[in-house]
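Engineer: Just a sequence and a predicted model for now, questions to come.
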Amino acid sequence: MKRFSLPDLGEGLTESELVSWRVAVGDHVELNQVIAEVETAKALVELPAPTAGVVTRLHVEPGTTVLVGEALVDFAPDGDGSAPEPEAGGSEGDRPTGAGEREPVLVGYGPRTSSGERPRRRARASADDPVVVSAARPATRPPVEPGADAAVRADAPHPARPRATPPVRRLARDLGVDLGTLVGTGVGGRVLREEVELAAGGSSGSSPVAPDQVTASDDGSVRRPITGVRRRTAEAMVSSAFSAPHVTEFLTVDVTPTMTLLDALAHSPRIGDHRVNILTVLAKAVCIAVKRTPAVNASWDEAAGEIVEYAHVGLGIAAATPRGLLVPNVARADELSLFDLADAVSSLVRTAREGRTAPAELRGGTITISNVGVFGVDAGTPILNPGEAAIIALGAVRRLPWEFEGQVALRQVVTLSLSFDHRVIDGEQGSRFLVDLGTMLADPAMVLTMV
């Protein structure tokens, strides 16, 4: 029997929610066949089978939050299609490669280690233990498959270390609450924030709300748990806003020539299926302007005491999705043509909205564009994506009275907003970069003078 546990999906993610199984007990699977979908705080990820064989047990049900290293599924492997046995304390995702390194065999798995020491994780119950549910919250989930061992047992012993997310642990430490004295009512017996507040005497008196519950008050107010992308976004924005000194500049531009160019491209046989719009033109302009002002394509490395200027542009595109805000990026966007960039951006946004963004697409961004104009907004003061030094907001294109050739005429006008980290970028550098963007949007032919 081979046991497959939730692998480390990278980016410091310690847990995922099982969204759906693609297999059932008794099914035969091939190596790397997709067996499940899990949702992290950033993306929906498909998990491939680590071995060829027959599924003998599913340990958790859809909707369950699973910690990295906890059991997901058991296989009776085929004689020649299995992956090697994992080392003690690891998951099926590791395959020794010599010199203490490991080779990732699952999409999004963590980076190779530089020594033979395996990453250390907090102690958990053994893989054979059932999921623990507090007696204060009776287990209501049936076994996943008839005849299989029960996956939930209310009277099972608690792990040596009480379960809680890092923010809840910090809160307990700040409030002087011993988590070991609390009985968690969250998924898997996890201690919730409300329970820590109750123990500290600081709660408003409301009942604890489990992560998977939405509650309504008598007055019609609705309470939703802060989970997934929403929590991750909030943590990232707070960290960025209070660590990097933001400066925001605005530039309003007559983009009539660009809109005329886009109209001509739309009727040109050269455009084919490429979707070129003002966001695409701005994306290309950013890649060109970065070469003239490299400081905007950089980050502040506090630990190393260095400013890192990147050789290529990892162009982040802020995408509003049903799960919340995601910022996937186009790797090496500076090497793409206008049409290739249009295809990459369209694919990126479509994949994000469908919930299929891979964790790798959420890493490596160096500068971001936020298209607030699609919501009818003229301008804003965007907050930096953590680890980046600049973000550009593209406002709505509007027909406005504008000075043109000594007269007032109706022109198509847009406002660009640039927020930047003043530790990395001086006002002169930020202004020059923003003016370069405006110049290219106001007269696309000026690109010839900048490359």
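Structural biologist: Cool, got the structure. All values reported here derive from a predicted model rather than from experimental measurement. Numbering: from 1, shown residues only.

Engineer: where are the low-confidence patches of the stretch 51-200 of the chain?
Structural biologist: Across the stretch 51-200 of the chain, the stretches falling below the confidence threshold (pLDDT under 70) are 79-168, 170, 185-190.

Engineer: 80 - rerun?
Structural biologist: 79-176, 179-200 (pLDDT under 80).

Engineer: before we move on, what about the stretch 301-450 of the chain?
Structural biologist: Looking along the stretch 301-450 of the chain with the criterion set at pLDDT under 80, you get 322-324, 355-356, 358-360.

Engineer: in it, which spans are strands?
Structural biologist: For the stretch 301-450 of the chain, the strands identified by DSSP state E, counting those that start in this stretch occupy 306-309, 315-317, 319-321, 324-326, 329-330, 367-370, 390-394, 398-404, 407-421, in order along the chain.

Engineer: out of those, nearest to Ala172?
Structural biologist: Comparing the strands of the stretch 301-450 of the chain against Ala172 with C-beta to C-beta, the closest turns out to be strand 324-326 (26.4 Å). Bear in mind the C-beta positions are built from the backbone N, C-alpha and C, glycine included.

Engineer: Tell me the gap between that closest one and the middle of its chain.
Structural biologist: Its chain's C-alpha centre and that of strand 324-326 lie 8 Å apart, by C-alpha atoms, centre = their mean, to the nearest Å.

Engineer: Output the strands of the stretch 301-450 of the chain as JSON lines; include the columns mean neighbour count and distance to Val345.
Structural biologist: Putting the strands of the stretch 301-450 of the chain into JSON lines (neighbours: other C-beta atoms under 10 Å; distance: least, C-beta to C-beta, whole Å) gives the following:
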{"stretch": "strand 306-309", "mean neighbour count": "14", "distance to Val345": "24"}
{"stretch": "strand 315-317", "mean neighbour count": "25", "distance to Val345": "6"}
{"stretch": "strand 319-321", "mean neighbour count": "18", "distance to Val345": "10"}
{"stretch": "strand 324-326", "mean neighbour count": "20", "distance to Val345": "14"}
{"stretch": "strand 329-330", "mean neighbour count": "24", "distance to Val345": "6"}
{"stretch": "strand 367-370", "mean neighbour count": "24", "distance to Val345": "9"}
{"stretch": "strand 390-394", "mean neighbour count": "26", "distance to Val345": "12"}
{"stretch": "strand 398-404", "mean neighbour count": "12", "distance to Val345": "22"}
{"stretch": "strand 407-421", "mean neighbour count": "19", "distance to Val345": "17"}
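
Engineer: Is it possible to get a markdown table of these that adds distance to Ile35?
Structural biologist: Compiled in a markdown table, the strands of the stretch 301-450 of the chain are given as follows (distance: least, C-beta to C-beta, whole Å):
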| stretch | distance to Ile35 |
| --- | --- |
| strand 306-309 | 39 |
| strand 315-317 | 31 |
| strand 319-321 | 24 |
| strand 324-326 | 24 |
| strand 329-330 | 28 |
| strand 367-370 | 34 |
| strand 390-394 | 38 |
| strand 398-404 | 50 |
| strand 407-421 | 42 |
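
Engineer: show me the contacts for Trp402.
Structural biologist: Remark: with contacts taken as C-beta atoms under 8 Å, 6 or more residues apart in numbering, Trp402 is in contact with Asp254, Val408, Ala409, Leu410, Arg411, Val413.

Engineer: okay, now Ile288: neighbour count?
Structural biologist: Here the number of neighbours of Ile288 (other C-beta atoms under 10 Å) works out to 16.

Engineer: who are the neighbours in contact with the closest residue to Val447 other than its chain neighbours?
Structural biologist: With C-beta to C-beta, 6 or more residues apart in numbering as the measure, Met440 is the residue that lies nearest to Val447, at 5.6 Å, once sequence neighbours are left out. Met440 makes contact with Val281, Ala285, Ile288, Ala289, Met446, Val447, Met450 under the criterion C-beta under 8 Å, 6+ apart.

Engineer: Just to be sure, the second one is in a helix?
Structural biologist: Yes - counting by DSSP: H, G, I helix; E, B strand; the rest coil, Ala285 is located in a helix.

Engineer: mind checking how far the closest residue to it other than its chain neighbours is from Ser370?
Structural biologist: Distance criterion C-beta to C-beta, 6+ apart; nearest residue to Ala285, sequence neighbours excluded, is Met440 at 4.3 Å. Per C-beta to C-beta, to the nearest Å, Met440 is found 18 Å from Ser370.

Engineer: Over to His59?
Structural biologist: His59 is 40 Å from Ser370, where distance means C-beta to C-beta.

Engineer: Can you tell me the SS state at Asp174?
Structural biologist: Following three-state DSSP, the label given to Asp174 is helix.

Engineer: neighbours around it, how many?
Structural biologist: The burial count assigned to Asp174 is 10, neighbours taken as other C-beta under 10 Å.

Engineer: measure it to Pro382 for me?
Structural biologist: When C-beta to C-beta is the yardstick, Asp174 and Pro382 sit 31 Å from each other.

Engineer: Same question for Ala24.
Structural biologist: Plainly put, Ala24 is 46 Å away from Pro382 if you go by C-beta to C-beta.

Engineer: Of the two, which one has the most company?
Structural biologist: Pro382 (20 against 10).

Engineer: and that one, what does it touch?
Structural biologist: With C-beta under 8 Å, 6+ apart as the criterion, the residues that contact Pro382 are Thr248, Ala318, Thr368, Ser370, Val372, Ile391, Ile392, Ala393, Ser417, Ser419.

Engineer: Grab the two from the residues you listed that are most spread out in space.
Structural biologist: Comparing every pair within the contacts of Pro382 by C-beta to C-beta identifies Thr248 and Ala318 as the most remote, at 15.5 Å.

Engineer: Who has more neighbours out of these two?
Structural biologist: For Thr248 and Ala318, the more surrounded residue by other C-beta under 10 Å is Ala318, and the numbers stand at 19 against 16.

Engineer: bridging residues for the residue lying closest to the more buried one once chain neighbours are set aside?
Structural biologist: Using C-beta to C-beta, 6+ apart and skipping the chain neighbours, the partner closest in space to Ala318 is Ser370 (4.0 Å). Note on Ser370: beta-bridge partners by DSSP bridges are Ala393.

Engineer: what about Val313, distance to Leu262?
Structural biologist: When distance is defined by C-beta to C-beta, Val313 is 22 Å away from Leu262.

Engineer: Could you do Ile383 as well?
Structural biologist: From Ile383 over to Leu262 the distance is 29 Å, taken as C-beta to C-beta.
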